[in-house]
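Trainee: need a structure here:
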Amino acid sequence: MEYDFIYDRDSRRYRLKLATEQAALQQFLLDEFAHRASAYQPLLNQLKALKPYQDWQYQGREFSLLVQQQEVRVCHNSLLATESGELAVQLLPEELDDDLQLDESGLSSECGLADLLLLLQAWQEFLPA
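Mentor: Numbers count the residues shown, from 1 in each chain. Below is the predicted model of the structure:
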């Protein structure tokens, strides 16, 4: 997974830049946690403690992180439907144009658990304590 860490001196903000297909993961990490290394430690500890092929879920304010069989999926909470974990597309009213579709880009990302752990550790090292 490719990433860039940026410190904007003008705004004094730390930014994480991931590939377009990882937009949901980027948004999750920037919005759900403070921009301090210590804020990510509980998530990192939990992910490191997972046994091989153990399932786990982190419910955030806007995004959820799901781990299933060493694969990580971050998706917007509006996409989560049932406790079975299946995705649901909310139905649009019939009177709307047939050309309208739900734009799911930026609402869901996937990566391997090992890649996420490497990203989190590097991001923590970049951020202030």
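Trainee: what's near enough to touch S64?
Mentor: By C-beta atoms under 8 Å, 6 or more residues apart in numbering, the residues touching S64 are 57-58, 74-75, 77, 80. Any C-beta I mention is one placed from the backbone N, CA and C, and that applies to glycine too.
Trainee: in PyMOL, how would I select just the buried ones from these?
Mentor: To isolate the buried subset of the contacts of S64 in PyMOL, counting by 16 or more other C-beta atoms under 10 Å, use the following:
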select buried, resi 58+74+75+80
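Trainee: tell me which entries of the contacts of S64 lie within strands.
Mentor: 57-58, 74-75 (DSSP state E).
Trainee: which one of the residues you listed sits closest to D4?
Mentor: Distance to D4, by C-beta to C-beta, is smallest for V74 among those, at 18.5 Å.
Trainee: before we move on, back to that, now the ones in strands among the contacts of S64 as TSV including pLDDT and distance to L107?
Mentor: Formatted as TSV, the ones in strands among the contacts of S64 follow (pLDDT from 0 to 100; distance: C-beta to C-beta, whole Å):
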residue	pLDDT	distance to L107
Q57	96	17
Y58	96	16
V74	96	9
C75	95	6
